[in-house]
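# here is a sequence with its predicted model. Questions after.
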Amino acid sequence: MATRSKSEVPTRNEVRLVGRVTADPSVVELPSGDQLVTFRVTVDRDDRTAPRRVDALECSAWAPRLRRTVARWRPGDVVEVEGAIRRRFFRTAAGTGSRVEIEVAGARLIRRGPAA
């Protein structure tokens, strides 16, 4: 294990979001057979100089328990998500692609959205 000098600042990759689910979560099966559940959360920007703006953030849950939890969410639900920002690379017909997403380590429902 490498040692750090006293002047080196430790870095962290931690994210905590509270926002609304925008669509039904989607189960994705990878070529390896692994499954994940993906979903999008919108969070308001705290921008006092502009009209209401939101950021839409892609999230993925890999652990079986988390997959079961988020798979039950509905559009409009207010949720809390904790995890880390990840940049994923993949092959496309045009070459290598990438995307940034939140890899979920913990999640909970705060309030159900209006019934559809």
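Structure received. Numbers count the residues shown, from 1 in each chain.
# can you list the residue ranges for strands in this structure?
For the chain, the strands defined by DSSP state E cover 15-21, 26-29, 35-44, 54-61, 78-92, 95-111.
# quick one: which of those is nearest Thr69?
Among these, strand 95-111 comes nearest to Thr69, with 5.6 Å by C-beta to C-beta. C-betas here are computed from N, CA, C, even on glycine.
# and that closest one, which strands flank it?
Applying DSSP bridges to the sheet, strand 95-111 is found paired with strand 54-61 (parallel), strand 78-92 (antiparallel).
# related to what we said a few turns ago, nearest approach to Glu8 belongs to which of the strands of the chain?
Taking C-beta to C-beta, strand 78-92 is the member of the strands of the chain nearest to Glu8, at 20.5 Å.
# how far off centre is that closest one?
5 Å (C-alpha atoms, centre = their mean, to the nearest Å).
# so where's the chain shaky on pLDDT?
For the chain, applying pLDDT under 70 flags the ranges 1-6, 49-50, 116.
# could you redo the last one with a cut-off of 80?
For the chain, residues meeting the criterion pLDDT under 80 lie at 1-7, 46-52, 115-116.
# before we move on, the earlier item: save the strands of the chain as CSV, and put in mean neighbour count too.
Shown next, in CSV, are the strands of the chain (neighbours: other C-beta atoms under 10 Å):
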stretch, mean neighbour count
strand 15-21, 17
strand 26-29, 10
strand 35-44, 18
strand 54-61, 17
strand 78-92, 13
strand 95-111, 14
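# out of the ones you listed, nearest to Arg72?
Closest to Arg72 of the strands of the chain is strand 95-111 (C-beta to C-beta; 8.0 Å).
# any idea how far Val9 is from Ala61?
To Val9, Ala61 is 31 Å away according to C-beta to C-beta, to the nearest Å.
# do the same with Gly76
40 Å.
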